[in-house]
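Visitor: Quick one, what's the 3D model for this:
(2 chains)
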Amino acid sequence: MIVTNADSTSVPTSTKLKISDLNVYYGNFHAIKNAALDVPSNSVMALIGPSGCGKSTFIRALNRMHDLTPDARVDGDVLLDGDNIYASGVDPVEIRHRIGMVFQRPNPFPKTIYENVIYGAKIHGLRSHKNLAECAERSLRQAALWDEVKDRLHKSALELSGGQQQRLCIARCLAVDPEVILMDEPASALDPIATSKIEDLIDELKKDYTVVIVTHSMQQAARISDFTAFFLMGELIEHAATSQIFTKPKDKRTEDYITGRYG
Amino acid sequence: MTATAVRQRESAGAARRRFADRLATVLLWSAAISIVVALAFFIAYLFYLGWPAISWHFLTAPPSETDAGGGIGPEIFNSFYILFLTLIITTPIAMAGGIYLQEYARPGAFTTIVQFCAESLATIPSIVMGLFGLILFVNAFGWKFTALGGALTLTLLNLPALMRVTQEALQNVPQSFREGSMALGATKWQTIRRVVLPSAIPQLTTGIVLIAGRIFGETAALIYTAGVSVSAGKSAFDLNPFHAAETLSVHLWYTHSESLVPDANAVGNGSALVLLVMVLAFNIFARVMGRGLSRRLTGK
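Guide: As a prediction, the model looks like this:
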């Protein structure tokens, strides 16, 4: 627990993700330098910073996506409910089941809407038609997409608009019932209306999940997040309750960034 | 220099650029058109020569050794049969190799060696491969001329191309599909089987059918492996893979160079026409099917 939000008389929350001494390298490039961050359960943590500051690299370290990149190397600890996801013997596939991810560009598979939603659930062993259909409806409702697609579940997902595709990707992620949802600029490729739908959705999601979201937009961070972490050139400069970061940042560089002096 | 002079110089430059642009357009257009014209002429000429030979009898009857009036029935069947044998042997091996190279192999000595071997195999002339098949399957294995020996020789010949086709089809599957699947907790193999391969199927199918067209027309590698004779007198549809199986293209070569029949020219022209139409059909089929499959996949 790092944050004691001044104006919150909140119930004590536990730490969902505890990140310490995290370093990420691409070949010889040191992309993340000694980052440490605690993410409380059922909260929204926003990662902000100028382009190339390492926020996407950081979030991809939280579900071991860097394992898929041949020359990326991660060291340090990421504890999920106290267990290090980088400990030897931990199956990254199991980690990605518990920590879902939504990407910057919507990436539905070239399959039907229904097949997209149940893809992960099916892989993790959900079998009967009844269960799969229930799972699909529940996930699509949660992602606020059900009413728009319920009559065309068996049409190709690629026929949906960008915003609908992104909500489908969120539904697909919810269908495997993760504990943490990582979002890497999920609204950056979307128009303002689709963006506001995604933002409303994130607010709903934190009731059941812990959300970590990379965002390019400080307004978005201010609107949706409980906590904010500011990255600059691979360093995690400062993190605190969002209201505090935006009103009285401790670090001069944070202040420069939020007052628009760079980025 | 005055302002007018500068403008004049500029406009002279602009005229030159415009001329070069037009010239390039004309040259490239004429290159494209000459390809179409050459093919159209070739097809028309073959129709002109070959059409009189075509009849139901010609398409179904067995060939003749000495008399006029032989057909190409068994040859057409053998062409398809050897193609079928080749594809069922080649496709699984080539796809496995392509999947390995594209999805699993990390850069390193072993991968380089595999790639190098595949590229070398691809450059071996088909006649050399045919002679190799003669030494191995016909003589060393003692099979004599067989459909299977021919098919295995064609496997060696087409394995690299089909592996390449697989690799390219997989390369064109966006990385975001793989990441999306892995991020949902799928294993690598689940990702390949459920997302990557299905997405690659239109391109994969097109590639396989195009290679099938090439296998269908292959000649030099088959003369010394599948032979120049068919099991005369028996059924035109000889399914025994250990019988000699002259294909259409080999028959075309044979009638023109060795045959004793008085109507060799007519038989040759007719065979050539049938062969050409079939290979064209493969190409058209590959395009239609690839487009159809990708439309079904993307819903567009």
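
Visitor: drop to CA atoms for contacts and neighbour counts, all remaining ones
Guide: Will do.

Visitor: Now do the contacts for whatever residue of chain B ends up closest to chain A.
Guide: Chain A sits closest to B:G185 of chain B, with a gap of 4.3 Å, by C-alpha to the nearest C-alpha. Applying C-alpha atoms under 8 Å, 6 or more residues apart in numbering or on different chains to B:G185 gives the contacts A:V93, A:E94, A:I95, A:R96, A:H97, A:R98, A:G100, A:G120.

Visitor: burial count for B:A24?
Guide: 12 (other C-alpha atoms under 10 Å in any protein chain shown).

Visitor: Tell me the predicted confidence for it.
Guide: Looking at B:A24, its pLDDT stands at 94.

Visitor: Pretty sure it sits in a helix.
Guide: Yes: with DSSP: H, G, I helix; E, B strand; the rest coil as the criterion, B:A24 is part of a helix.

Visitor: can you pull the buried residues of the helix or strand hosting B:I113?
Guide: Taking DSSP states H and E as the definition, B:I113 sits inside helix B:109-123. Residues B:A118, B:L121, B:A122 are the ones in helix B:109-123 that count as buried (16 or more other C-alpha atoms under 10 Å in any protein chain shown).

Visitor: does that helix come close to chain A?
Guide: No: taking C-alpha under 8 Å from any C-alpha of the partner chain as the criterion, helix B:109-123 and chain A are apart, separated by no less than 14.7 Å.

Visitor: Now do that helix: which elements does it pack against?
Guide: helix B:147-171 (3 or more C-alpha pairs under 8 Å, 6 or more residues apart in numbering or on different chains; DSSP states H and E).

Visitor: tilt between the helix it packs on and helix B:109-123?
Guide: 130 degrees (axes from the mean of the first three to the mean of the last three C-alpha atoms, to 10 degrees).

Visitor: For whichever strand or helix holds A:K33, which strands pair with it and how are they oriented?
Guide: Secondary structure assignment for A:K33, by DSSP H and E: strand A:29-40. Looking at strand A:29-40 with DSSP bridges, its partner strands are strand A:15-26 (antiparallel).

Visitor: Not counting its own residues, what contacts the partner strand?
Guide: A:1, A:30-41, A:57-58, A:61, A:71-82, A:210.

Visitor: now with 6 Å?
Guide: Strand A:15-26 is contacted from outside by A:31-41, A:71-81, using C-alpha atoms under 6 Å, 6 or more residues apart in numbering or on different chains.

Visitor: got the CA coordinates for that strand in PDB?
Guide: Output for strand A:15-26, consisting of C-alpha atoms alone and laid out as PDB, is shown next (Å, rounded to 0.1, in the frame of the first residue of the first chain):
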ATOM      1  CA  THR A  15      -2.400  -4.800  -3.200                       C
ATOM      2  CA  LYS A  16      -3.200  -6.700  -6.300                       C
ATOM      3  CA  LEU A  17       0.100  -6.100  -8.200                       C
ATOM      4  CA  LYS A  18       3.300  -5.200  -6.500                       C
ATOM      5  CA  ILE A  19       6.100  -4.300  -8.900                       C
ATOM      6  CA  SER A  20       9.600  -3.800  -7.700                       C
ATOM      7  CA  ASP A  21      13.100  -3.300  -9.200                       C
ATOM      8  CA  LEU A  22      11.600  -3.800 -12.600                       C
ATOM      9  CA  ASN A  23      14.000  -3.500 -15.600                       C
ATOM     10  CA  VAL A  24      13.300  -4.200 -19.200                       C
ATOM     11  CA  TYR A  25      15.900  -4.300 -21.900                       C
ATOM     12  CA  TYR A  26      15.600  -4.500 -25.700                       C
END
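
Visitor: and it, what's its mean pLDDT?
Guide: pLDDT averaged over strand A:15-26 gives 94.

Visitor: Could you do stretch B:33-51 as well?
Guide: Stretch B:33-51 comes out at a mean pLDDT of 94.

Visitor: so who does B:L204 touch?
Guide: Taking C-alpha under 6 Å, 6+ apart, one finds B:A169 in contact with B:L204.

Visitor: Please pull up the helix or strand immediately following the strand or helix carrying it.
Guide: B:L204 belongs to helix B:197-217 when elements are defined using DSSP H and E. Next helix or strand after helix B:197-217 toward the C-terminus (DSSP H and E): helix B:220-223.
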